[in-house]
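[1] Sequence and predicted model, in that order:
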Amino acid sequence: MAQVNDVHALTAQAAAPAQHASSWQPLRQPVFRMLWIATVVSNIGSWMNDIGVNWSMLTLSADPLSVALVQAASSLPMFLFALPSGVMADIVDRRKYLLFSQLWTFIAAAGLTMLSLTGQVTPAILLIAAFLLSTGAAMSSPPFQAIVPDLVKKSELGSAIALNSLGINISRAIGPALGGVILSLAGPWMVFMLNALSVLGVAWVLYRWRAEPSVQRLPPEHFFPAVRAGLRYVHAAPVLRNVLVRTVAFFLFASAGWALLPLVARRELGLGPGGYGIMLACIGLGAICGAVLLPRLRQRFDADRLMLLASLLFAVTMLALAFVRHFWLLNAFEFFTGFAWIAVLSTLNLGAQRSAAKWVKARALAVYLTFFFGAMTLGSAIWGQLASHFSIQVSLCVATAGMLLACVTGLRWRLNKDPDLNLEISGAAESLQEIAIAHQRGPVMVNVEYYIDPEDAHAFTVCIQEIRRVRRRGGALSWSVYEDAQQPGIFVETFVVGSWIEHLRQHERHTMNDLKIQQRVQAFHRGEQPPTVRYLVAPGK
């Protein structure tokens, strides 16, 4: 569940542009302040719980595959449920949905506490508990990312998100060490109980919070159409697709460092839970330093170069995990593990955030989380299996070699492909509300007729291809452009949407970037009036 917390904080951290508000100013907002404190406490509980689950599995089973499967069980729910949760966060009351996710997490943590207290914990129960707890995190992550702008002023958003990042790294530094101490003194059940109690603070703040109701001009989307709209958006967003490729390339191999760290601590170094907690605390301290230094690093390096340097640093730390057996020297390397990890997460999350429009942000980020945790789940199982059949050192060395090869993806799938991308809603689309068509009528074919100078025909056909992605991102099922065979210079752009209400939503989703593309295309139009638009609706049955 630790990586879930990382992504939860950093997807929020990347969400806002730079602001000039004081770093601490958002804490003057009562709801944000209380939720920030409660979230830090809850994340400390989550890190303590990770210590308890991992150490309990080490105690019950010496098989490297069983230990690595804890990481896989923690990552799998994000792979399975992140996208449905992102859709829910876009179409239902986020506060109520978050309260449900906190209740789910509390019940799972309380159940694990009772089973541990009565001595009924088995490796299978630990894996099920890790899965259920991570399911709660999968449900809460997208809506938590989406509510931050509702808690603070717009000018405070950048500072609020930086504080969220600081909070998650504070909990990373405190939680593992504290969990190790409590585990040594009282046993796993106490760690699990404190994690359950830590959830209640977040639930209490959410229960008391009353968000201002948002004005919806159109009815909310239904679940499955919303899923399809989100997937169509991802398919038509080149920068986001690049982020997804780079995400799989890094985390498939980086998962080895997390999956095999408990085995190195217990079997190779002979550490107890306190020593293992210190190792995780060193990673947390490295992450805090990384979060503090990242703004300066971004001024010196673009996203692709920063990603490359952080990936190489992480590869070095995995080699150290394979061969260094001096406790404090290895902890020094683990410090840089945290530094590199937070740099990669921040870079990829920033890319995912800036390539997703507001109307689909939770869904787009959910797809990113699906790829992230899918790679972590698959990688953890692979490296655990490899360590079981050969050795920990062989598994980590193969993962390091894969990490180096993965760096090559930066040559083809660049993160800074479109630095001027602006996905703020333009508000410039014309209103279609006066057209008396039932919302559910459809499919709808939209034809846009352009008059183009024959000398500009080729340039126009090249330029209008950019419109294809705009229509697809907005929900078009198909798109084409045709030239009139009898009257050269008359071009008709045609696209189909599922229903009239989907076309209304398409107009509401126009971004500043879409508007810029549309203006470039319409600059070729030579008619006295703007391009003619026709709406053809399938006849009712």
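    Yes, it's here. Because the structure is predicted, anything quoted here is derived from the model rather than measured. Numbers count the residues shown, from 1 in each chain.

[2] which one is residue 393 nearest to, not counting chain neighbours?
    residue 322 (4.6 Å; Cβ to Cβ, 6 or more residues apart in numbering). Every residue, glycine included, has its C-beta placed from N, CA and C.

[3] Just confirm residue 321 is within a helix.
    Yes: Residue 321: assigned to a helix according to DSSP: H, G, I helix; E, B strand; the rest coil.

[4] tell me the contacts of it?
    Residues in contact with residue 321 (Cβ atoms under 8 Å, 6 or more residues apart in numbering) are 257, 260, 261, 264, 330, 333, 334, 337, 396.

[5] okay but the last one is in contact with residue 258, surely?
    No: with contact defined as Cβ atoms under 8 Å, residue 396 does not reach residue 258; the gap is 11.5 Å.

[6] just the strands in the chain please.
    444-451, 478-483, 490-497, 532-537 (DSSP state E).

[7] Just put those strands in JSON lines and tack on distance to residue 253 and mean neighbour count.
    Formatted as JSON lines, the strands of the chain follow (distance: least, Cβ to Cβ, whole Å; neighbours: other Cβ atoms under 10 Å):
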{"stretch": "strand 444-451", "distance to residue 253": "45", "mean neighbour count": "18"}
{"stretch": "strand 478-483", "distance to residue 253": "37", "mean neighbour count": "14"}
{"stretch": "strand 490-497", "distance to residue 253": "40", "mean neighbour count": "19"}
{"stretch": "strand 532-537", "distance to residue 253": "50", "mean neighbour count": "12"}
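
[8] out of those strands, which comes closest to residue 384?
    strand 478-483 (44.4 Å; Cβ to Cβ).

[9] Strand partners (parallel or antiparallel) of the closest one?
    Sheet pairing for strand 478-483, assigned by DSSP bridges, gives strand 490-497 (antiparallel).

[10] Using CSV, lay out the strands of the chain together with distance to residue 512 and mean pLDDT.
    What follows is the strands of the chain, written out as CSV (distance: least, Cβ to Cβ, whole Å; pLDDT from 0 to 100):
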stretch, distance to residue 512, mean pLDDT
strand 444-451, 20, 91
strand 478-483, 21, 91
strand 490-497, 21, 92
strand 532-537, 21, 88
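
[11] closest to residue 412 out of those strands?
    Comparing those by Cβ to Cβ, strand 478-483 comes nearest, at 25.5 Å.

[12] Output that closest one as PDB, restricted to C-alpha atoms.
    Taking C-alpha atoms only, strand 478-483 is exported to PDB below (Å, rounded to 0.1, in the frame of the first residue of the first chain):
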ATOM      1  CA  SER A 478     -15.500   7.700 -35.900                       C
ATOM      2  CA  TRP A 479     -14.000  10.600 -37.900                       C
ATOM      3  CA  SER A 480     -13.300  11.200 -41.600                       C
ATOM      4  CA  VAL A 481     -12.700  14.100 -44.100                       C
ATOM      5  CA  TYR A 482     -13.900  14.100 -47.700                       C
ATOM      6  CA  GLU A 483     -13.500  16.300 -50.800                       C
END
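
[13] quick one, that strand and strand 444-451 angle?
    30 degrees (axes from the mean of the first three to the mean of the last three Cα atoms, to 10 degrees).

[14] what's strand 478-483 in contact with?
    Contacts for strand 478-483 (Cβ under 8 Å, 6+ apart): 457, 461, 464, 467-468, 471-472, 489-496.

[15] Run through the helices of the stretch 1-150 of the chain in chain order.
    2-13, 30-60, 64-91, 94-117, 123-151 (DSSP state H, counting those that start in this stretch).

[16] Also the stretch 201-350 of the chain?
    223-235, 238-263, 273-300, 303-323, 327-354.

[17] Dump the ones you listed to JSON lines, plus mean pLDDT and distance to residue 176.
    Formatted as JSON lines, the helices of the stretch 201-350 of the chain follow (pLDDT from 0 to 100; distance: least, Cβ to Cβ, whole Å):
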{"stretch": "helix 223-235", "mean pLDDT": "79", "distance to residue 176": "35"}
{"stretch": "helix 238-263", "mean pLDDT": "89", "distance to residue 176": "11"}
{"stretch": "helix 273-300", "mean pLDDT": "81", "distance to residue 176": "3"}
{"stretch": "helix 303-323", "mean pLDDT": "92", "distance to residue 176": "16"}
{"stretch": "helix 327-354", "mean pLDDT": "86", "distance to residue 176": "11"}
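
[18] I'd like the helices of the stretch 1-150 of the chain laid out as CSV, including mean neighbour count.
    Listed next are these as CSV, based on neighbours: other Cβ atoms under 10 Å:
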stretch, mean neighbour count
helix 2-13, 26
helix 30-60, 23
helix 64-91, 24
helix 94-117, 20
helix 123-151, 22
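
[19] For residue 187, find the nearest of those.
    Here helix 94-117 is closest among the helices of the stretch 1-150 of the chain (Cβ to Cβ), at 7.6 Å.

[20] circling back: of the helices of the stretch 1-150 of the chain, which is nearest residue 300?
    Per Cβ to Cβ, nearest to residue 300 of those: helix 2-13, 18.9 Å.

[21] domain ranges for this protein?
    Residue ranges for the domains of the chain, per automatic domain parsing: 2-211+219-411, 444-537.

[22] Ok, which of these comes nearest residue 438?
    domain 444-537 (6.7 Å).

[23] Relative to residue 136, how far out is residue 46?
    To residue 136, residue 46 is 10 Å away according to Cβ to Cβ, to the nearest Å.

[24] chain center to stretch 276-290: distance?
    Distance of stretch 276-290 from the chain centroid (Cα atoms, centre = their mean, to the nearest Å) equals 22 Å.

[25] actually stretch 381-400, not the one I wrote
    The chain centroid and the centroid of stretch 381-400 are separated by 27 Å under Cα atoms, centre = their mean.

[26] Residue 43 contacts residue 164, correct?
    No: Residue 43 lies out of contact with residue 164 (Cβ under 8 Å); the separation is 10.2 Å.

[27] Apart from its neighbours in sequence, what residue is nearest residue 468?
    Residue 468 sits nearest to residue 479 (Cβ to Cβ, 6+ apart), 4.8 Å away.

[28] Equivalent analysis for residue 94, please.
    Per Cβ to Cβ, 6+ apart, closest to residue 94 is residue 143, 4.2 Å.

[29] pretty sure the one you found contacts residue 91?
    No: in this structure, residue 143 is not within contact of residue 91 by Cβ under 8 Å, at 11.0 Å.

[30] okay, among the contacts of strand 478-483, which ones form the most distant pair?
    Going by Cβ to Cβ, the pair spanning those furthest: 472 and 489, at 26.1 Å.

[31] Compute the number of surrounding residues for residue 171.
    By the criterion of other Cβ atoms under 10 Å, residue 171 has 26 neighbours.
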